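Engineer: Structure of the sequence below:
(2 chains)
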Protein chains: 2
Amino acid sequence: MSNSTNEKNIEKKITSRKENYSQWYLDIIDAAELAEYGPVKGCMVIKPYGYAIWENTQKILDKKFKETGVQNAYFPMFIPERLLKKEEDHVEGFAPEVAVVTHAGGKKLEEPLVVRPTSETIMYDVFSKWIRSYRDLPLLINQWANVVRWEMRPRLFLRTVEFLWQEGHTVHETEAEADGRARQMLEIYKDFAENTVAIPTITGVKSETEKFAGAKCTYTVEAMMQDGKSLQFATSHNLGQNFSKAFDINFLDKNGVKQDGWQTSWGLSTRTIGGLIMTHSDDKGLVLPPNIAPIQVIITTIAASEKDRETVVNKAEEINKILKDKNIRSQTDTRDLRPGEKYYEWEKKGVPIRIEIGPKDIANNSLIFVRRDTGEKIKSPINNVAEEIEKLLNIIQSSLYNKALEYRKTKTKTVDSWDDFVKAIEEGNFVLAHWCGEKDVEAQIKEETGATIRCIPFDSKLEKGKCVKTGKPSKQRVLFARSY
Amino acid sequence: MSNSTNEKNIEKKITSRKENYSQWYLDIIDAAELAEYGPVKGCMVIKPYGYAIWENTQKILDKKFKETGVQNAYFPMFIPERLLKKEEDHVEGFAPEVAVVTHAGGKKLEEPLVVRPTSETIMYDVFSKWIRSYRDLPLLINQWANVVRWEMRPRLFLRTVEFLWQEGHTVHETEAEADGRARQMLEIYKDFAENTVAIPTITGVKSETEKFAGAKCTYTVEAMMQDGKSLQFATSHNLGQNFSKAFDINFLDKNGVKQDGWQTSWGLSTRTIGGLIMTHSDDKGLVLPPNIAPIQVIITTIAASEKDRETVVNKAEEINKILKDKNIRSQTDTRDLRPGEKYYEWEKKGVPIRIEIGPKDIANNSLIFVRRDTGEKIKSPINNVAEEIEKLLNIIQSSLYNKALEYRKTKTKTVDSWDDFVKAIEEGNFVLAHWCGEKDVEAQIKEETGATIRCIPFDSKLEKGKCVKTGKPSKQRVLFARSY
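Structural biologist: Below you'll find the model as predicted:
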C-alpha cells in the first residue's frame, strides 16, 4: 500500500502553517496517511499508521491503569432512552448530540436506543446491582470503546461523529477517596502527555460552565497548540453523588448504615492524536516523539549500482535486527527508488530518526543519522549503533518537549486590563487573568473574544486582584484561551 | 468486588449438565462472574473476569496476525444503507438483522445508517480509493470492533445483539494468493483453538447453503461442545471477486491491464468464550486451560491463628513473586476467610492450579498443588515451585485438549443408513455421512433432524458412497451435527 499512493502524495504540497493553519493540519494527516473521512459525514477512517499511534496509546495507558488496580470490562453500546434521562444535567448536556436507533431486526423498536455518547448511565444502572456492601468497594472499571456524538462541524481526530476512547468509572466509600482517584487518573494523563507524547500541559479545575454534564467538578489537562489555541487533552471528573443518587448506587457501610457511593469518571480519546499532530509537526509533515512513534527509526538504503545493492540491503537488515533486539521500533526501506523519494516519504510520516546507509558508509564503517525534528545530520560509527540510537531517541524526546514548553512560555501572557486581555487573546495567547467567578461574565468574555476559561490551574497562587472584565474582586488568576 | 458477591453466589447452586445443560451453561457464567445481560434485551455486559479472557485472546491473535504482515485500522461503525445494498447476496443475508439509526443530532437523517453487522461494505468502499496499482497489493487489514446483529434468541457469548470480534479483510492480485491467505488465517484460528484454548477442531469447507453471504467459499473451524452440538469457532472466506466487482476494487497489473481484486475476510468473536466454557467446564464451575486463563495459579493462605497469619501471608507473597518473575499469571488470596470458602470461589472461576499454604506446609518446606481439572492434590517441595508449576500447567493444558479430543472421538459416528443417521443425531453426535450435494436434500435433513452440514472436512477422503437421505451417488463424507 505504498508506491502508487506515494506518487500521488508527492504531487500534493503541504500548505504552510502561516498560509492556512487549518489546511496545514489536514494536509499533514493526509500526507502521513493517518486518517480520512469515510462515506458518512463526520465519520473517520483511522488508517494503519494513525491506528498504530492509537495502539501505542492504549498499550501505555492500559498498563498504567492496571497498575492502580483498574480492571477492563465491556458494556453495551445501546442505552435505553429512559436511562440517559435519569441524571438531569447529564441528559441536558448530551441529548442534543445523540444518534438514535429506532428500528432493528426489521421492526420499529418499542423504546428508542441511544448510541452511547459516554457510558455513565448504562454502567451505573449495572453498578447498582453489583454493589451491596463496603466490601464491594472500591469498584474500578475501565472500558476501551467507540462512542458517538453528532458533531455538526467535524474535524479529523479533533471532533468526529464516532471516536475511540477509554472511559474509566469508579465507585468509592468516601468523598475524599473518590476525589483522590479523580486526581490520580489526571496525573496519569498528564504523565502520558508530557513523557510519552512530549506535550507540556497545564492541569487544573474546570469552571462550573465548562465542567462535565453531571459532574461535581472536572479536572482537566490542557495543552497549547501551535496556533495558540488550547486543546483539552483529557479530563477526570469527581462525580460526587449525583449519579449514585439517580441510579441507586448505594452500599452498607461498616456500621451497617446505607450510604450513597462516591464516583469518578475519566477519559482520553483519539483527539489526543490531533493534539500530537498540532504540537510538534512542521511545514514538511508530521513530527513524532520517539516514545509514541510506531516507527522510531527508518533505515534507508542507497545503492547506485545493482552490484552494491545486495551488500547495502544486507547491512541494513543486520542493523535493523540489532535495533529490534534492543526493543527499538525500527524498519528498513530497501526499495529501489531514488533516495530523495524515500526520505520525503518518511519525513512526511514523522519518523524520528532516519538512518542512511550506502556503499561509502559501509566502507567507512559509519552511518548517517538524520533527525526529523531538526534536520541535523550526525555521522556515527556503525559499531555502537543501538546505544547511539537510544541516546539520540532520548535527546529528541526531551528536545521536542522543551521546544513546545518554550513556545508556550512565550505565548502565555499575564494581563490585568481588558484591552490587554482582548489583544492577547486576539494574538493567540494563553492568558492568565483575574475573574470575578460569575457565570454571566464568563459567558460575556466568551462572546466578545471567543476565549473560555480552560481551567483554574492547580498552581495558580492566591493573590488579591480585580476581574479583568468587571473590576470586581478576585482571589486568583484563571487560564483563558480559545480552544479546540 | 468480592465478598458480598461471593456470599450471594455461595447460595446459588450450579445446575448439573445432566439436569439441564442450557441452565448449566448460564449458571457457570454467573458463578464465574464472566458476563450478564444489560438493560437492553440481548445486549451483554462482559464483566472483568470474562473480559480478561477476551484480552488474552486479542493479545495472542493480534501478534499472530501481525507476524503475517496484517495491519490494524479502524473503520466507521455507521454504514449508509446504499452501501450495504451493493452486493446482492450480502444484503440479503444481513438486511433482516440490522439495527438502523434514523435520527441524530435532534433531526431525522436523510439516509438511514445501518450499525455494522460486519464491515465488508464500508471497508471496500474505502479500499476502492486506496488501490490503484499492483504495487498497492496485497492490502492486509484487520479491525478489532463491536458489531450488531439483531438476534431474537440471545444467549450470553454465543449469540448477543452486540458482540466483540476482529474482522480481517485483504485484497490480492491473484485468486490463488487470496485463497492461500484465507486458508492461512484459518490455520491461525485452528492453532489458537487447539493450542491456546485446548479445543480440538475440525476444519473444512462450508456447503453453499451455509457459506457467508457474498463469499465464493467459506472455510470453517468447528468444535464439539459437551452436549454434542457443534460450535463454529471462526470462519475465513475466499470472497472471490464478488465484492471487488460491486465496489470497484480494481488495479493496474504489471502489464498495465485493469484487473478486479481478489479478496478474503475472516473473523473470530467473543462467542469463542462460549465455546471455551462449554468444552471444559464441569458441574462445579468453569475450567480454564492455562494458556488462556487470566489467573493461572491462585495461592490461598490457611492460618488457624492470628500469630501464624503473618508468616503464611509473607510466604504466599514470596511465592507469588517467584511465579510472576517467571511470567506465570499468579495471584494471592490472603483474605481472612474459611479456606473452603476461598477454594470454592476459585474453583467456580476455573483457575487451573490452586496452591494451598499453611503453617504446616511451611514447616515441612512443601506446598499443596490442587488441579482444577482433576481435583488431584500434589505435594511439592517449596524450592522448585516455579519449575514444578510450569510443568503442571503444561500437563493440564494438554490433558484438557486430550480429554476433549477423546470425548469427540466417542461421539463421532460414521453412518450409512438414514435410520442410523437420525439416531446418531438424536443422541447428540457428530455424524460423518454421504450426501448427494443437493441443496434441497440438505434443507430436508435439517428440517427433519435439526442437523446441518458443519463442513466438508479437509481430511475427508474421496470414497464412493450413497447419500444417506436419497441414495444418490456421493464422492465423500461430510460432517453433520446440530449446532449453536
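Engineer: measure stretch A:295-306 end to end?
Structural biologist: 28 Å (CA to CA, to the nearest Å).
Engineer: just stretch A:160-179 next, same as before
Structural biologist: 30 Å.
Engineer: can you pull the contacts of the closest residue to chain B within the stretch 351-484 of chain A?
Structural biologist: Here the residue of the stretch 351-484 of chain A nearest chain B is A:Val351; by CB to the nearest CB that distance is 16.1 Å. Yep, even glycine has a C-beta here, placed from its N, CA and C like the rest. Residues counted as contacts of A:Val351 (CB atoms under 8 Å, 6 or more residues apart in numbering or on different chains) are A:288, A:293, A:295-298, A:372.
Engineer: Can you tell me how far it is from B:Phe430?
Structural biologist: Plainly put, A:Val351 is 53 Å away from B:Phe430 if you go by CB to CB, to the nearest Å.
Engineer: And stretch A:183-194, what's buried?
Structural biologist: A:183, A:185-186, A:188-190, A:192-194 (16 or more other CB atoms under 10 Å in any protein chain shown).
Engineer: I'd like the average pLDDT over it.
Structural biologist: Across stretch A:183-194, pLDDT averages out at 98.
Engineer: likewise stretch A:29-49?
Structural biologist: For stretch A:29-49, the mean per-residue pLDDT is 97.
Engineer: picking up where we left off before, just curious, which of the contacts of A:Val351 is nearest to chain B?
Structural biologist: Checking those one by one against chain B (CB to the nearest CB), the nearest turns out to be A:Ile295, at 12.2 Å.
Engineer: What's the local residue count around that closest one?
Structural biologist: Number of residues near A:Ile295 (other CB atoms under 10 Å in any protein chain shown) recorded here: 20.
Engineer: mind checking how far the helix ranked longest in chain A is from the chain centre?
Structural biologist: Scanning chain A for the helix with the most residues, using DSSP state H, yields helix A:385-410. Distance of helix A:385-410 from the chain centroid (CA atoms, centre = their mean, to the nearest Å) equals 19 Å.
Engineer: buried sites along that helix?
Structural biologist: Neighbour counts over helix A:385-410 (16+ other CB under 10 Å) mark A:385-386, A:388-390, A:392-393, A:396-397, A:399-401, A:403-404, A:407-408 as buried.
Engineer: what do you get for stretch A:471-484?
Structural biologist: Applying a neighbour-count criterion of 16+ other CB under 10 Å, one finds A:474, A:476-484 buried in stretch A:471-484.
Engineer: same deal with stretch A:451-470?
Structural biologist: Neighbour-count burial for stretch A:451-470 [16+ other CB under 10 Å]: A:451-457, A:460, A:465-470.
Engineer: tell me the mean pLDDT for that stretch?
Structural biologist: Rounded mean pLDDT across stretch A:451-470 is 96.
Engineer: Can I get it in CSV? Just the C-alpha atoms.
Structural biologist: Taking Å, rounded to 0.1, in the frame of the first residue of the first chain, the C-alpha atoms of stretch A:451-470 are listed here in CSV:
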residue,chain,number,x,y,z
ALA,A,451,-12.0,32.8,24.8
THR,A,452,-13.2,30.4,27.5
ILE,A,453,-11.8,29.5,30.9
ARG,A,454,-9.6,26.5,30.2
CYS,A,455,-9.1,25.9,33.9
ILE,A,456,-8.3,27.3,37.2
PRO,A,457,-4.7,26.0,37.3
PHE,A,458,-3.6,23.9,40.3
ASP,A,459,-0.6,26.1,40.6
SER,A,460,-2.5,29.4,40.4
LYS,A,461,-1.4,31.2,43.6
LEU,A,462,-3.9,33.0,45.8
GLU,A,463,-3.4,36.7,45.2
LYS,A,464,-5.8,39.6,45.5
GLY,A,465,-6.9,41.1,42.2
LYS,A,466,-9.7,42.6,40.2
CYS,A,467,-11.7,40.8,37.5
VAL,A,468,-10.3,41.8,34.1
LYS,A,469,-13.8,42.3,32.8
THR,A,470,-15.9,43.7,35.8
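Engineer: A:Ala52 and B:Lys66 touch, don't they?
Structural biologist: No: A:Ala52 is not in contact with B:Lys66 according to CB atoms under 8 Å; the separation is 10.3 Å.
Engineer: Neighbour count: those two, which is higher?
Structural biologist: Ranked by neighbour count (other CB under 10 Å), A:Ala52 and B:Lys66 place A:Ala52 first, with 20 against 13.
Engineer: For the more buried one, give me its contacts.
Structural biologist: A:294, B:71-72.
Engineer: quick one: what helix or strand has it in it?
Structural biologist: helix A:48-67 (DSSP states H and E).
Engineer: which parts of that helix are buried?
Structural biologist: Buried-residue list, helix A:48-67, by 16+ other CB under 10 Å: A:48-54, A:56-57, A:60-62, A:64-65.
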